[in-house]
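**Student:** Using only what follows, build the 3D model:
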Amino acid sequence: MVTNPSFKLAFLAPKYWLTWLGVLFMYLISWLPQSLQIGLGKGLGKLVHKYVKKRRKIAEVNIKLCFPQMSEAEQAKLVKENMENTGIATLETGMAWWWPNWRVKNVIGSIKGFEYIEQVQANGKGVLLLVPHMLHLEMLGRIVGSIQPGVGFYRPHNNALMEYFMTRGRLRSNEALIGKKDVKGLLKSLKDKKMCYYLPDQDYGRNRCEFTSFYAVEETATTTGTLLFAASKHCEALSLSGNRDRFGKYHIEIYPLLENFPSGDDNSDVRRVNERMELSIDKSREQYMWLHRRFKTRPDKDAPSYYK
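**Tutor:** Numbering: from 1, shown residues only. Here you go, the predicted model:
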């Protein structure tokens, strides 16, 4: 569990100098007006759309699979907007990590449903908060944490210096971070009545998964790890949605607990989780992380990849 990351002299070594330059650039950009940052982010995203063809291809495949009812022009428009929001997300990370509290408060548009978290904790339980991989996830965590500090379940960064900045940034308004392999640590936090973020919407492989529908893809590998945590008698599962409007304001909504969850029917339960993720994503589809190979694990191991 990470609660207070420490700086190491080893971070000054030459192998980290490029990282330092990147971080310094992000830090300086973060002090610009938000509207200017969003404009710069869109420009960066347009470059991603034009030149980072591998990632654009992944987004194109995902969107085509999920929304076959859309025309080709509509799909292309969504891909382009998604790339623009990917660029914005790069700069939003700097906002989330370094903005003072007053700037964060100024971009809160609305927060609904926080009483559901309070009710669960008043009943002596922890909150398993199910959150989709929205591109502005760093800002959502900063905003929610400013009201109720939480515990994040995360994948540590491979670069030790970036891990230092990432954990410091995320802990600006949150309590702790737990590595994705520390299952006992998250269960203990739930037992201690903490609000714990859990992101169940990516393809984590064939191990501990059920194949169920996600949008129009009938057999999508969906983790059953959610059920492992939700089965704890010490917690209740809620879900969250968040989006950024055209004025740069963030809107967050907490949805009530999943009744009789888990029910014992793993496939039905993870389908309910996917439905909650779809409910959240549909508020701003262009702001979801379509760059992830969501459908890389297929029921038939010998089936060709969607992404080739």
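
**Student:** just the strands in the stretch 1-150 of the chain please.
**Tutor:** In chain order, the stretch 1-150 of the chain shows strands spanning 108-112, 126-130, with DSSP state E, counting those that start in this stretch as the criterion.

**Student:** Now do G87, the pLDDT please.
**Tutor:** pLDDT recorded at G87 is 97.

**Student:** And for the closest residue in space to E286 that isn't next to it in sequence, the neighbour number?
**Tutor:** The spatially closest residue to E286, leaving aside those adjacent along the chain, is E81, at 3.8 Å (Cβ to Cβ, 6 or more residues apart in numbering). The C-beta positions use only the backbone N, C-alpha and C, and glycine is treated the same way. Using other Cβ atoms under 10 Å, the number of residues around E81 comes to 17.

**Student:** Hmm, Y288 and E81 touching each other?
**Tutor:** No - with the criterion set as Cβ atoms under 8 Å, E81 and Y288 do not qualify as a contacting pair; they are 10.7 Å apart.

**Student:** residue closest to the middle of the protein?
**Tutor:** Centre of the chain computed as the mean C-alpha position; nearest residue by Cα atoms, centre = their mean is H133, 2.9 Å away.

**Student:** Contact partners for that residue?
**Tutor:** If you count contacts by Cβ atoms under 8 Å, 6 or more residues apart in numbering, H133 has them with L199, D201, Q202, Y288, M289, H292.

**Student:** still on that earlier bit, list just the one of the strands of the stretch 1-150 of the chain that sits closest to A176.
**Tutor:** Of all those, the one in closest proximity to A176, counting by Cβ to Cβ, is strand 126-130 (12.9 Å).

**Student:** what's the closest one in contact with?
**Tutor:** With contact meaning Cβ under 8 Å, 6+ apart, strand 126-130 is reached by 117, 120-121, 150, 189-200, 226, 229-230, 232, 234-240, 254, 273, 276-277.

**Student:** Convert the C-alpha atoms of it to CSV, please.
**Tutor:** In CSV, the C-alpha atoms belonging to strand 126-130 read as follows (Å, rounded to 0.1, in the frame of the first residue of the first chain):
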residue,chain,number,x,y,z
GLY,A,126,-16.9,-0.1,2.8
VAL,A,127,-17.7,1.0,-0.8
LEU,A,128,-16.6,-0.9,-3.8
LEU,A,129,-16.9,1.9,-6.4
LEU,A,130,-17.0,0.5,-10.0
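
**Student:** For that strand, which strands pair with it and how are they oriented?
**Tutor:** Taking DSSP bridges as the criterion, strand 126-130 pairs within the sheet with strand 195-198 (parallel), strand 235-244 (parallel).

**Student:** would you turn those into a markdown table with mean neighbour count?
**Tutor:** Listed next are the strands paired with strand 126-130 as a markdown table, based on neighbours: other Cβ atoms under 10 Å:
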| stretch | mean neighbour count |
| --- | --- |
| strand 195-198 | 24 |
| strand 235-244 | 23 |
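
**Student:** could I get those as CSV with mean pLDDT and distance to L9?
**Tutor:** What follows is those, written out as CSV (pLDDT from 0 to 100; distance: least, Cβ to Cβ, whole Å):
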stretch, mean pLDDT, distance to L9
strand 195-198, 96, 32
strand 235-244, 96, 38
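
**Student:** A76: which of those is closest?
**Tutor:** Across the strands paired with strand 126-130, the minimum distance to A76, taken as Cβ to Cβ, is reached by strand 235-244, at 21.5 Å.

**Student:** Which SSE is immediately downstream of that closest one?
**Tutor:** Helices and strands here follow DSSP states H and E; after strand 235-244, the next one along the chain is strand 250-255.
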